[in-house]
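kindly return the folded structure for what I paste below:
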Amino acid sequence: MNLDKFLVKGEPMIYAAMVSIVVASLAILIGLTYFKKWGYMWREWLTTVDHKKIGVMYIIAALLMLFRGGVDALLMRAQLAMPENGLLDAQHYNEIFTTHGVIMILFMAMPFIIGLMNIVIPLQIGARDVAFPRLNAVSFWLFMAGAMLFNISFVVGGSPDAGWTAYFPLASLEYSPTVGNNYYSIALQIAGIGTLLTGVNFIVTILKMRAPGMKLMRMPMFTWSVLITCVIILFAFPVLTVALALMMFDRMFGGQFFTMANGGMDMLWANLFWVWGHPEVYIVILPAFGIYSEIISTFSKKNLYGYKSMVVSMVAISLLSFLVWAHHFYTMGHGAMVNGFFSITTMAIAIPTGVKIFNWLFTLRKGRISFTTPMLYSLAFIPIFTIGGVTGVMLAMASADYQYHNTMFLVAHFHYVLIPGTVFAVIAGFHYWFPKMFGFRLNEKLGKLAFWFIAICFNITFFPLFFLGLNGMTRRMYTYSEGSGFGPLNMLATIGSVGLAIGFVILVYNVYWSFRYAPRDTTGDPWDARTLEWSTHSPVPEYNFAITPNVKGMDAFWAAKKENQPLYEGKIEPIHMPNNSGQPFILGVIFFFLGFFLVFSMWVPAIVTGVGVVIMLAWRSFERDHGRHISVEEIIETERKLGGDTV
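Residues are numbered from 1 along each chain as shown. Predicted coordinates for the structure are as follows:
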């Protein structure tokens, strides 16, 4: 077999990546074998349908992708630190900034958000699991199949190199003849199907599985944000899936949808991509707003200010998010009427966002604020995100955008929106809900140390990019001349990126340290929180609630504690839970190989694995899984071990 089309040659870093992947894989296999953990891994994790464990696996995957995307970012900053640097050549730089964008948005931010959704939403609405537990597992393993397929492109065949937006004609076979953009189209289709299934699952869960008394206008703000997000997913992700399928036909079967000849239209891709792409920004931002609402309320010791206006503003954002996509290409030939319309809608979306900012500020006003690690991230978010929002309004002006367009000013803007708007939020939520996952808190000193590194160095990294953009430095520029004057600010940004990386290393070390040394206190509410998920144990038992809670108003857990209202009424009865299943994991593995064979146009094995997918679906249709019952005695014993007072 000719291996030339599979292996990427000539780059020492690629060889190092190959070696590190092989060494890490061998270490994991040897460790599982030596400690005899294969059975445990299969029973407890690979086959689980428990929403909490699936959420933990999403978060672990997100942290791994944060490391991979962070390495890409450090390589880019190292390349740009000095003029005429030769660390990376143009092709390698193109591949790195392409994979950095895709990984950070689709394979880091999305799974981190979905992981927290999985862990928290059923607990906040008083449910024992999501509506479709097996479908939830299928969603995760499809995401993992897509993520792993995309990541092996770096060492097998070559990474995509047309930017994370994959604009045509750059992404066409003519200008990108390697298989890199085949990976892009197929891996994102597989992962996108998983995300779409997640959206359907959580819409049904929130609408149909709420505890008695949990009316829509009594739901916690995080649950509201997730419901609205899942509706956006339902409308946006099919557009991406169709666009990626058309890209695949163009590249692999001679289609002419996005070509410059034979009736194709390259701007069709740009429109389809951003019809998905701008709602995608709010898919990762809205749940973050929900996280901040929970945390700011808890650590201000107050009810959230303006609950109804927060809900209305999120609905308004979700609607407007589908009416702004063309602001990404003001300079590409639209007339004044089109540019004017999208300029107005883009500025209009700042209004409901501003409503939320003021609601958080009024929640803080006269509150008894506790400066915990989650609260520090939430407080830092407000001014930093406001800078991103104000520069977004600057970019929204179509005439001014001719100056800003395609410069580092734009790079600074979307990092000032997405990092405080999403990354700060998921880290804050990770700290906040960590006791619900594992029964103990992360170390506060290490958490605060990581926060200060991240918050300060973030601004050192990205604030100089505003000035670089205004001075004329375009994005995607892999080198620049000595006389351009870009060197000092780029060096400052690179120094900041190193500090940012140190902050994330401290965050990961905090997880390790806390597992080794943190006190295990599984009783009580470690944050004195308000919402329903804190009424159960830390960590949460498999069945979540021994008795279904009875919600009588807003902030049900807070009211139950402060007013001595009974939250659990009735008697303990046997609980029906679904069985674990290996089918979702096997289906994910088959999809991975199906995608790999399609990338390299290996049609016979692709057809075989495609038949395998159909067989798995048929097998599931014939299977009768009646689940299992947890007896009253087992429930009482578990409750006593966890130190609860339900019994």
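
helices or strands next to the longest helix belonging to the chain in the packing?
The single longest helix within the chain, with elements called by DSSP state H, is helix 266-300. For helix 266-300, the packing partners by 3 or more C-beta pairs under 8 Å, 6 or more residues apart in numbering; DSSP states H and E come out as helix 110-124, helix 221-253, helix 307-320, helix 350-364, helix 373-396, helix 408-418, helix 424-438. For glycine as for every other residue, the C-beta is placed from the backbone atoms N, C-alpha and C.

mind putting those into JSON lines with mean pLDDT and distance to Gly588?
Formatted as JSON lines, the helices and strands packed on helix 266-300 follow (pLDDT from 0 to 100; distance: least, C-beta to C-beta, whole Å):
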{"stretch": "helix 110-124", "mean pLDDT": "96", "distance to Gly588": "14"}
{"stretch": "helix 221-253", "mean pLDDT": "95", "distance to Gly588": "17"}
{"stretch": "helix 307-320", "mean pLDDT": "94", "distance to Gly588": "30"}
{"stretch": "helix 350-364", "mean pLDDT": "93", "distance to Gly588": "36"}
{"stretch": "helix 373-396", "mean pLDDT": "94", "distance to Gly588": "32"}
{"stretch": "helix 408-418", "mean pLDDT": "94", "distance to Gly588": "28"}
{"stretch": "helix 424-438", "mean pLDDT": "94", "distance to Gly588": "23"}
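
buried sites along stretch 170-189?
170-172, 176, 178-189 (16 or more other C-beta atoms under 10 Å).

got a list of contacts for stretch 377-391?
For stretch 377-391, contacts defined as C-beta atoms under 8 Å, 6 or more residues apart in numbering pick out 292, 295-296, 299, 350, 353-354, 357, 360-361, 371, 409, 412-417, 419-421, 424-425, 427-428, 431, 451, 455, 458-459, 466.

buried set for it?
Tyr377, Ser378, Leu379, Ala380, Phe381, Ile382, Ile384, Phe385, Ile387, Gly388, Gly389, Thr391.

now do stretch 260-272
Gly264, Asp266, Trp269, Ala270, Leu272.

distance of the fourth one from Tyr34?
Here the criterion is C-beta to C-beta, to the nearest Å. By it, Ala270 lies 52 Å from Tyr34.

can you give me every residue that contacts Leu598?
Contact analysis of Leu598 by C-beta under 8 Å, 6+ apart lists Asn182, Ile186, Met248, Met252, Ala606.

that one is in what secondary structure piece?
Following DSSP states H and E, one finds Leu598 within helix 583-599.

and that helix with helix 221-253, angle?
Angle, helix 583-599 to helix 221-253, by axes from the mean of the first three to the mean of the last three C-alpha atoms, to 10 degrees: 30 degrees.

one step back: which one among the buried residues of stretch 377-391 gets closest to Val102?
For Val102, the nearest member of the buried residues of stretch 377-391 is Gly388. The distance, counting by C-beta to C-beta, is 20.7 Å.

would Lys302 count as being in a strand?
No: counting by DSSP: H, G, I helix; E, B strand; the rest coil, Lys302 is not found in a strand; it is coil.

so for stretch 73-86, what gets flagged as buried?
With burial defined by 16+ other C-beta under 10 Å, the residues of stretch 73-86 counted as buried are Ala73, Leu74, Leu75, Met76, Arg77, Gln79, Leu80, Ala81, Met82, Pro83.

likewise stretch 534-549?
Here stretch 534-549 shows 534-541, 543-549 as buried, counting by 16+ other C-beta under 10 Å.

neighbours of Ile456, just the number please.
As a burial measure, Ile456 scores 15 neighbours (other C-beta atoms under 10 Å).

typed the wrong thing, it's Phe597
19.

do the one 4 residues further on as well
In terms of burial, Ser601 registers 13 neighbours under the definition other C-beta under 10 Å.

which residue comes closest to it once chain neighbours are left out?
Using C-beta to C-beta, 6 or more residues apart in numbering and skipping the chain neighbours, the partner closest in space to Ser601 is Met252 (6.2 Å).

what's the answer for Tyr184, then?
Nearest residue to Tyr184 in three dimensions, chain neighbours excluded: Pro160, at 4.0 Å (C-beta to C-beta, 6+ apart).

and that neighbour, what is it in contact with?
Counting by C-beta under 8 Å, 6+ apart, Pro160 makes contact with Glu95, Thr98, Thr99, Val102, Ser153, Ala166, Ala171, Ser176, Gly180, Asn181, Tyr183, Tyr184.

would you say it is within a strand?
No: read with three-state DSSP, Pro160 is coil and lies in no strand.

and it, its phi and psi?
Note on Pro160: its backbone torsions stand at phi -60, psi 150 [degrees, to the nearest 10].

kindly report the same for the one 4 residues further on.
Its backbone dihedrals place Trp164 at phi -70, psi -20, with angles given as degrees, to the nearest 10.

can you report how many residues neighbour it?
Number of residues near Trp164 (other C-beta under 10 Å) recorded here: 19.

that one and Arg476, how far apart?
According to C-beta to C-beta, Trp164 stands 11 Å off from Arg476.

go ahead and name everything in contact with the helix or strand hosting Ile615.
Following DSSP H and E, one finds Ile615 within helix 603-622. Contact with helix 603-622 is made by Arg134, Gln583, Ile586, Leu587, Ile590, Phe591, Phe593, Leu594, Phe597, Leu598, as judged by C-beta under 8 Å, 6+ apart.

before we move on, back to that, buried ones among the contacts of stretch 377-391?
Buried among those by 16+ other C-beta under 10 Å: 292, 295-296, 299, 350, 353, 357, 360, 409, 412-417, 419-421, 424-425, 427-428, 431, 451, 455, 458-459, 466.

can you pull out the helices in the stretch 451-600 of the chain?
487-517, 556-562, 583-599 (DSSP state H, counting those that start in this stretch).

could I get those helices in JSON lines, plus columns for mean pLDDT and distance to Thr205?
Below are the helices of the stretch 451-600 of the chain laid out as JSON lines (pLDDT from 0 to 100; distance: least, C-beta to C-beta, whole Å):
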{"stretch": "helix 487-517", "mean pLDDT": "95", "distance to Thr205": "28"}
{"stretch": "helix 556-562", "mean pLDDT": "78", "distance to Thr205": "18"}
{"stretch": "helix 583-599", "mean pLDDT": "95", "distance to Thr205": "17"}
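
Leu106 is in contact with Gln189, isn't it?
No: counting by C-beta atoms under 8 Å, Leu106 does not reach Gln189; the two are 11.6 Å apart.

okay if I get the contacts of Leu598 as JSON lines plus distance to Phe143?
Shown next, in JSON lines, are the contacts of Leu598 (distance: C-beta to C-beta, whole Å):
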{"residue": "Asn182", "distance to Phe143": "19"}
{"residue": "Ile186", "distance to Phe143": "14"}
{"residue": "Met248", "distance to Phe143": "19"}
{"residue": "Met252", "distance to Phe143": "23"}
{"residue": "Ala606", "distance to Phe143": "21"}
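
pick the one among those closest to Phe438.
Ile186 (35.7 Å).

quick check: chain neighbours aside, which residue is closest to that closest one?
Among residues not flanking Ile186 along the chain, Gly595 sits closest, at 4.6 Å (C-beta to C-beta, 6+ apart).

Leu642 now?
The shortest distance from Leu642 to any non-neighbouring residue, by C-beta to C-beta, 6+ apart, is to His537 (4.2 Å).

surely that neighbour and Lys641 touch.
No: under the criterion of C-beta under 8 Å, His537 makes no contact with Lys641, lying 9.4 Å away.

re the thing from before, nearest to Arg218, of the buried residues of stretch 260-272?
Using C-beta to C-beta, those come closest to Arg218 at Leu272, 38.7 Å.

need the contact list for Met217.
Contacts for Met217 (C-beta under 8 Å, 6+ apart) come out as Tyr307, Lys308, Val311.

buried ones only from these, please, as a PyMOL command.
The following PyMOL line selects those of the contacts of Met217 that are buried, judged by 16+ other C-beta under 10 Å:
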select buried, resi 307+311
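
among the contacts of Met217, which one sits closest to Ala27?
Among the contacts of Met217, Val311 lies closest to Ala27 (C-beta to C-beta), at 48.1 Å.
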